[in-house]
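Trainee: the following comprises the amino acid sequence and a computationally predicted model.
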Amino acid sequence: MTTGGSIEVGQIEALEREATDRLAQIADEAALEGWFREFLGRKDGKLSGLLRGMGALSPEERPRFGAAVNATKDRVTAAYEARKATVGGAALTARLAADAVDITQPGRPVPMGTLHPTTLVTRELSAIFALLGFQTIEGPEVEETRYNFDLLNIPTNHPARDKWDTFYVGSRGTDDTVNEIVLRTHTSPMQARTMQRQDPPVRVIVPGRCYRYEATDASHEAIFFQLEGLAVDKKITMSDLKGTLTEMTRQLFGSSTKVRFRCDFFPFVEPGVDFSATCAVCGGKGCRVCKGTGWLELGGAGMVHPNVLRNVGYDPAIYSGFAFGLGIERIVMIKYGIDDIRNFYANDLRFLEEFAGTRI
Ligand code: DAH
């Protein structure tokens, strides 16, 4: 069977050629799998088939033939492994191409929030008062009547309490008094809290939310912001108060602004005043914003009442001070020409976006 043996060897070479030619044309993983089954499959692959036909050979021919088939099988397997890597690689390349990101495209804009106009003006006021030596602090919005009223020289049942339309939210009884819990009606309670916490000299401003139980209209909201100011030291006088508020007003509205102080009553100050600035819109000539008067009322102020000093343990014979309170929304409305305070809490993005990019 010598000749037969050489024919079989020729068959091996032909099969190897067929396998490698076909392998070179394979383009995807499915076709590669089919090819593998056809040529290298354990049961009915063509190369294994050659080994199964070895029974027809003479015993001397068999080892040589078997070795030739196995060597061929090794080469074809190696070729298969190499192809598998590139077919897989080709699929990966295709997937990457499909997923590719065009890094030359302009980025998508990230939506940015804007600062609320009340925040903008609060920050501006805080910066102005920092230059005048005032520290900005904050206090609780849920407050005790002790601080909101009593320590501020507004005793229980005193008619002055009616001035502040209060939201009562609970009460905390003590032996002889009932200390009620309210939403603070003004930032003034922080006067007492601050003085209880520290000895003079005191120079603080307290911006913050206040609440009043009242009907809303274009200039009244049940929720609004005030900014309280307090300075206590030896020899503080009314002229310090006037100088401080005049400087603040000029920083806010311009150096030609004039300030007016008129007598007013607040239980926690004596003497008490209200203060106004020349209208920032018409410069004092009279317009719609100042209702023809040329003046804009900004807040209340005065010299801290001796009773208030005594209530917190300060000796009014040694110390004196001034206090003031202004409505922040009012200043925002003047500065930005807003004619309805209800815009501040309406959550209308068109209103809020008006202040995009405004920086303090
Ligand atoms: N707390 C007062 C109010 O809400 C405003 C005020 C007036 C504050 C006079 C003061 C002041 O500190 O001295 O109506």
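Mentor: Nice, thanks for sending it over.

Trainee: could you pull out the helices for the protein?
Mentor: With DSSP state H as the criterion, the chain has helices at 2-25, 29-40, 46-52, 61-99, 117-131, 145-148, 189-197, 238-253, 306-311, 328-336, 349-352.

Trainee: a markdown table for the ones you listed, including mean pLDDT?
Mentor: Formatted as a markdown table, the entries for the helices of the chain read as follows, by pLDDT from 0 to 100:
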| stretch | mean pLDDT |
| --- | --- |
| helix 2-25 | 77 |
| helix 29-40 | 89 |
| helix 46-52 | 85 |
| helix 61-99 | 84 |
| helix 117-131 | 96 |
| helix 145-148 | 94 |
| helix 189-197 | 98 |
| helix 238-253 | 96 |
| helix 306-311 | 98 |
| helix 328-336 | 91 |
| helix 349-352 | 90 |
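
Trainee: which non-adjacent residue is nearest residue 357?
Mentor: The spatial neighbour of residue 357 that comes closest, neighbours along the chain excluded (CB to CB, 6 or more residues apart in numbering), is residue 114 at 7.5 Å. To be clear about C-beta, it is placed using only N, CA and C from the backbone, and glycine gets the same treatment.

Trainee: my read: residue 75 touches residue 15, true?
Mentor: No. Look at residue 75 against residue 15 with CB atoms under 8 Å: they stay out of range, at 11.4 Å.

Trainee: which one of the two has more residues nearby?
Mentor: For the pair residue 75 and residue 15, the greater number of neighbours falls to residue 15 (18 against 13), based on other CB atoms under 10 Å.

Trainee: contacts only, for that one.
Mentor: Each residue near residue 15 by CB atoms under 8 Å, 6 or more residues apart in numbering is listed here: 39, 46, 47, 50, 72.

Trainee: quick one: the last one and the ligand, what's the gap?
Mentor: Meaning residue 72. Relative to the ligand, residue 72 is positioned 101 Å away (criterion: CB to the nearest ligand atom, to the nearest Å).

Trainee: and that residue, what does it touch?
Mentor: If a contact means CB under 8 Å, 6+ apart, then residue 72 has 12, 13, 15, 16, 47 as its contacts.

Trainee: next, give me the two most distant ones among the residues you listed.
Mentor: By the measure CB to CB, the contacts of residue 72 have their two most distant members at 13 and 47, which lie 12.3 Å apart.

Trainee: and those two? Which one has more around it.
Mentor: More neighbours sit around residue 47 than around the other of residue 13 and residue 47, counting by other CB under 10 Å; the figures are 20 against 11.
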